[in-house]
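got a predicted structure here, sequence first:
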Amino acid sequence: MQTVHDLSTFYHLDDVPKTFPGFPSKRVRRKQNKLSYMPYPWELEMFLREAIRHSGYLAHKPFREWGSISNLTNLLRKFTNELTPEYSDYGVDVLRELQRIAHRQFPWQVEFNHPLIARHWKIYSDKRLELFIQEDFGCSANEFYVTCFALLSTWANYTAIKIPLEISDLKIDSKVINKISMMFSSAISHSRQEINSIHNFDANYEYRYSPLLLRPLLFSELLGRRLFCPIPYLFLKRMTDGLYYQFVGRIGFSDAIGGAFESYVGEVISAVLPHADRTPEKRIKKTGGEFRTVDWLVEHEGCTLFVECKSKQPTYNAKFDINKTDSLEVDLEKIGTEIGKMYVNLNRYLNGEYPNMTPLGNVYPIFVTLADWSIYHIRTNLNPDQFVRAYLRKRGVDPEIMKSFPVEVCGAEVFEMLLQSIASHGANEVLGKRARGHRRSDFLDAYLTSEFPVNTEPVWNAEWMATLHEFIDQNKDSDAV
C-alpha cells in the first residue's frame with residue numbers, strides 16, 4: 001500500500017518518493033513525462049486490487065525495488081494484452097475498445113485541483129441535495145467538503161492515519177469525520193472477498209469494477225489502529241462523483257439531482273455570460289395539453305444557446321463490458337431519446353411556439369450532462385444517432401434537423417470551458433465552425449483547448465476557496481497547540 005501510495009502521489013502531486021532504490025527521478029524530471037518511466041496511474045488501482053487478492057495482511061516480500069515494480073508493470077501489461085480480443089474474429093467493433101480506454105484513462109488524468117471539488121460542492125450545496133448529505137453524514141455540504149478536503153490533504157502526505165481520525169486545529173465534529181471514514185472504508189479481508197467474487201481472467205479483466213471505487217479506505221486489526229488510503233485520487237473521486245452512486249436509487253434523489261444540476265448550469269451561464277439574456281424552463285399551455293420549454297434558452301450577441309441538462313450517468317457495464325453490448329445499447333437509447341426530446345423542443349422554438357420569442361439567426365443546441373459520456377462521442381456500430389432519429393420519426397419531426405443544427409454533447413466541466421471560450425471569442429466563432437463541420441469528430445474539449453484557449457480561472461474556484469478559508473477561520477480551535 002505504501003508503494004502504490006507513493007507512486008500515486010508522485011504522479012498527481014510531483015512528490016518524489018524518498019525510499020525507492022533505483023527510482024529514476026532525475027530521468028522523469030528531465031523528460032517531464034512521468035508516463036514514459038512509471039506505471040500508468042490507472043494501473044495502480046489494478047496493482048492494489050491484485051495485492052489485496054494475493055497477499056496476506058502483511059506482505060511476504062518488500063515491494064520497494066524499482067526493478068521489481070518495472071518488471072511487474074511489464075508483466076501485467078503483457079498479460080492484459082493477451083486477454084484483449086482479436087477484433088476481426090471477436091465480432092466487436094474496435095471503437096468499443098476506444099470507448100473503454102477513454103472512460104478508464106481520461107478520469108485519471110484529472111489533477112488534484114480545486115475545480116473538481118468546487119463543482120461538486122456547488123451542486124451538492126443545493127438544499128435539495130444537501131438533505132441527503134445531512135441524512136448520511138450529519139452535516140452540511142460545506143462541512144462535508146471541508147472535512148473531506150482536510151482528510152484528502154492529509155492522505156496526500158501519509159499513507160495511513162491513526163484511528164479515531166482527528167483534524168487538528170479545526171473544531172469539526174469527530175462524529176462527522178468518523179461517519180465519512182466509516183462509509184468510505186472497508187476491512188481488507190472484506191475487500192478481498194468482494195474482489196474475488198467478481199474476479200475473472202477475460203477481456204474485461206483490467207476494466208472490472210473495483211470495490212475500492214466505493215470504499216477507497218482500508219483497515220485491518222493486524223495493521224494496528226490505522227486507516228489506510230493507498231490511492232488518494234480514489235478518495236477524491238469518492239467525495240465528488242461517488243456521492244451520486246451513494247444516493248442514486250433513493251426516494252427523491254432523481255428529482256433532486258436533476259433540479260440541482262439544472263440550477264447549477266443556470267448559475268454557470270450567469271457567472272460566465274453575465275450580460276446574456278437567459279430564460280429558464282417554463283410550462284407552455286396549448287390546445288390539447290402543454291409542454292416544457294428547454295432548460296435554458298440563452299440569447300447572447302445575436303445567437304441562441306439552446307441548453308438542455310441531464311444528470312443521469314452511464315452505467316458501469318455500458319462503459320466497460322466488451323463481452324456484451326446490452327447495457328451499452330440501453331444507455332445509448334436513453335441518451336438518444338433525451339437528445340431527441342431536445343430536438344422536438346428545438347423544432348417548437350423554430351416554429352414560433354415559444355411565446356414572446358423570435359428565433360435568432362444562429363441557434364446552437366447544447367446537451368449538458370453531469371458526467372462524461374465518451375460512449376456517445378466515440379461512435380461504434382451502435383451509433384447513438386439512430387436512437388435520436390427513431391425518436392424524431394416517432395414524434396413526427398424531420399430528422400434532418402440534426403444536420404441543420406448539430407448538437408454539442410458535453411459534461412459539466414467541458415460546458416464551463418465552452419462558455420468561457422464563447423465569452424472571449426463569441427458563439428458564432430466557437431460553435432459556428434463546428435456546426436459547419438470543422439473538426440466535428442474531435443472531442444469538444446480538445447477543440448476548445450487548441451483553437452480557443454482561455455486563461456480564465458475555473459468558474460467556482462474563487463468562491464470555493466473563499467468558503468474554505470472562511471470555514472477554517474470560523475472553526476479554528478483556540479485551544480490547539
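Thanks, I have it. Residues are numbered from 1 along each chain as shown.

now stretch 425-444: buried residues?
By 16 or more other C-beta atoms under 10 Å, the buried positions in stretch 425-444 come out as G426, A427, N428, V430, L431, R434, A435, F443, L444. For every residue, glycine as well, the C-beta is placed using N, CA and C.

mind telling me what element the fourth one is part of?
Translated: V430. For V430, the host element (DSSP states H and E) is helix 427-435.

which secondary structure elements does the very next helix or strand once past that helix contact?
Next in sequence after helix 427-435, counting helices and strands by DSSP H and E, comes helix 444-451. Packed against helix 444-451, as judged by 3 or more C-beta pairs under 8 Å, 6 or more residues apart in numbering; DSSP states H and E, are the following elements: strand 408-411, helix 412-425, helix 427-435.

let's see it at 6 Å
Secondary-structure packing of helix 444-451 (3 or more C-beta pairs under 6 Å, 6 or more residues apart in numbering; DSSP states H and E): helix 412-425.

now the angle from the helix it packs on to helix 444-451?
Helix 412-425 and helix 444-451 are oriented at 30 degrees to each other (axes from the mean of the first three to the mean of the last three C-alpha atoms, to 10 degrees).

min pLDDT across the buried residues of stretch 425-444, which one?
Minimum pLDDT for those is recorded at F443 (90).

skipping its backbone neighbours, what lies nearest that one in space?
Of all residues not flanking F443 in the chain, H377 sits nearest, at 6.1 Å (C-beta to C-beta, 6 or more residues apart in numbering).

I'd like to know how far that neighbour sits from Q99.
Distance of H377 to Q99, given as C-beta to C-beta, to the nearest Å: 9 Å.

so the two - more neighbours on which side?
Higher neighbour count among H377 and Q99: Q99, with 25 against 17, using other C-beta atoms under 10 Å.

and the more buried one, helix, strand or coil?
Classification of Q99 using DSSP: H, G, I helix; E, B strand; the rest coil returns helix.

how far away is I177 from S197?
30 Å.

the two: which is more packed in?
I177 (22 against 8).

is it true that that one touches P164?
No: I177 lies out of contact with P164 (C-beta atoms under 6 Å); the separation is 7.8 Å.

check what pLDDT V344 gets.
What the model reports as pLDDT for V344 is 97.

which SSE is it in?
V344 belongs to helix 326-350 when assigned by DSSP H and E.

with E143 instead?
Following DSSP H and E, one finds E143 within helix 141-155.

can you spell out which helices and strands pack onto that helix?
On a contact count with 3+ C-beta pairs under 6 Å, 6+ apart, helix 141-155 meets helix 127-137, helix 232-239.

right, and the ones you listed - which one's nearest N351?
Between N351 and those, the shortest gap by C-beta to C-beta is with helix 127-137, which sits at 33.6 Å.

give me the number of residues near V265?
Neighbour tally, V265, other C-beta under 10 Å: 24.

now swap in A462 and tell me
Other residues lying near A462 total 12 when counted by other C-beta under 10 Å.

what does the one 3 residues further on give?
By the other C-beta under 10 Å criterion, the neighbourhood of M465 contains 13 residues.

from L165, how far off is it?
Using C-beta to C-beta, we find M465 at a distance of 24 Å from L165.

quick one on the thing from earlier: just the helices and strands packed on helix 141-155: most buried one?
Ranked by mean neighbour count under mean count of other C-beta atoms under 10 Å, the helices and strands packed on helix 141-155 are led by helix 232-239, which reaches a mean of 23.

following the chain past it, name the next helix or strand.
Note on helix 232-239: by DSSP H and E, the next helix or strand toward the C-terminus is helix 242-247.

got the buried residues for that next one?
For helix 242-247, a neighbour-count test (16+ other C-beta under 10 Å) marks G242, L243, Y244, Q246, F247 as buried.

contacts for that helix next, please.
F132, F253 (C-beta atoms under 6 Å, 6 or more residues apart in numbering).

same question for stretch 109-120.
Against stretch 109-120 from outside (C-beta under 6 Å, 6+ apart): H12, L13, T240, P458, W460, N461, W464.

three-state assignment of A371?
Here A371 is coil, with the state taken from three-state DSSP.

now a PyMOL select for only the buried ones of the contacts of stretch 109-120.
If you want just the buried ones from the contacts of stretch 109-120 in PyMOL, going by 16+ other C-beta under 10 Å, the selection is:
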select buried, resi 12+240+458+460+461+464
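
okay, who's weakest in the contacts of stretch 109-120 by pLDDT?
Lowest in pLDDT among these is L13, which has 66.

okay, E65: pLDDT?
E65 is given a pLDDT of 77.

look up how far N71 lies from it.
Counting by C-beta to C-beta, the gap from E65 to N71 is 9 Å.

shared neighbours, the two?
With contacts taken as C-beta under 6 Å, 6+ apart, E65 and N71 have no neighbour in common.

more crowded one of the two?
Neighbour tally, E65 and N71, criterion other C-beta under 10 Å: the higher count belongs to E65, 15 against 11.

what's in contact with the one helix or strand C309 maps to?
According to DSSP H and E, C309 maps onto strand 303-310. Applying C-beta under 6 Å, 6+ apart, the contact partners of strand 303-310 are 261-262, 265, 294-296, 298, 338, 342, 346, 360, 362-369, 427-428.

what strands flank it, and is each parallel or antiparallel?
Its sheet considered, strand 303-310 pairs with strand 296-300 (antiparallel), strand 362-369 (parallel) by DSSP bridges.

indicate which one of these is closest to R395.
Nearest of the strands paired with strand 303-310 to R395, taken as C-beta to C-beta: strand 362-369 at 15.8 Å.

many thanks, I have nothing further to ask.
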